[in-house]
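Undergrad: Below is the sequence, then the predicted model.
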Amino acid sequence: MKVLMLGPQGSGKSTQGKLLAEFLDVPYISTGETFRKMAGQDDEVGERVKGLLDQGQLVDDDLTAEVVKKRLNQKDCSAGFVMDGYPRTLQQVEVFDPGFEIVIYLDISDEEATNRLFKRKREDDTLELIQERLTIYHRETEPLLKYYDE
Ligand code: AMP
């Protein structure tokens, strides 16, 4: 089963996604977690990713598609996976579509998302970056709802 968790930051994609992955006995994959690890790497790619994460901006599509494809090609994904974080834009799904069978949409208000994220205390959870990421979510990611609805 290939499942996509969709929704704004703070809606609970990772909490619910991990539980669901455990239940289905498939891996939970988070592009955000992968990029945060990459941002700690002491090389050119690590520096580029860190710069983007520190500004609340999306990582470029080419690198993102490469990272996702590599992960999904691993053996443990053969029976499916729960994906949190990809695709993030319509362009990304045009470049590479993992072929989800189920899309789960978790919806919360920006106000509630901001409150929850502010409590989480991740490095990119300053008020300014939370707002920037929510703006990008509404502009870039929300159109995917209509795409998958159709
Ligand atoms: P998340 O943990 O899903 O909130 O992601 C944290 C950060 O990782 C985002 O703000 C982006 O900078 C980056 N990121 C995660 N997934 C993607 C993606 N599919 N495309 C581009 N950037 C991403």
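TA: Sure, I can see it. This one's a predicted model, so the numbers in the text were calculated from it and none came from an experiment.

Undergrad: of all the residues in the chain, which ones are close to the ligand?
TA: Residues of the chain lying near the ligand by CB under 6 Å from any ligand atom: 9, 31-32, 35, 52-53, 56-59, 64, 85-86, 88, 92, 133. C-betas here are computed from N, CA, C, even on glycine.

Undergrad: In the protein, which residue sits nearest the ligand?
TA: The nearest approach of the chain to the ligand comes at Gly32, 1.9 Å away (CB to the nearest ligand atom).

Undergrad: Quick check: that residue touching Asp84?
TA: Yes: taking contacts as CB atoms under 8 Å, Gly32 lies within contact range of Asp84: 7.2 Å.

Undergrad: Common neighbours of the two, please.
TA: Ser14 (CB atoms under 8 Å, 6 or more residues apart in numbering).

Undergrad: for stretch 17-35, how far is the first residue from the last?
TA: The first and last residues of stretch 17-35 sit 18 Å apart, counting by CA to CA, to the nearest Å.

Undergrad: And the contacts of that stretch?
TA: Residues from elsewhere that reach stretch 17-35, judged by CB under 8 Å, 6+ apart: 1, 3, 5, 14, 49, 53, 59, 64, 67-68, 71-72, 76-77, 79-86, 88, 104.

Undergrad: Kindly report the same for stretch 78-94.
TA: Outside stretch 78-94, the residues touching it (CB under 8 Å, 6+ apart) are 1-5, 13-14, 17-18, 20-21, 24-32, 58, 61, 64-65, 68, 72, 96-98, 100-101, 140-141, 143-144, 147.

Undergrad: List only buried entries from these.
TA: The neighbour count (16 or more other CB atoms under 10 Å) marks 2-5, 13-14, 17, 20-21, 24, 26-32, 58, 61, 64-65, 68, 72, 96, 98, 100, 140-141, 144 as buried among the contacts of stretch 78-94.
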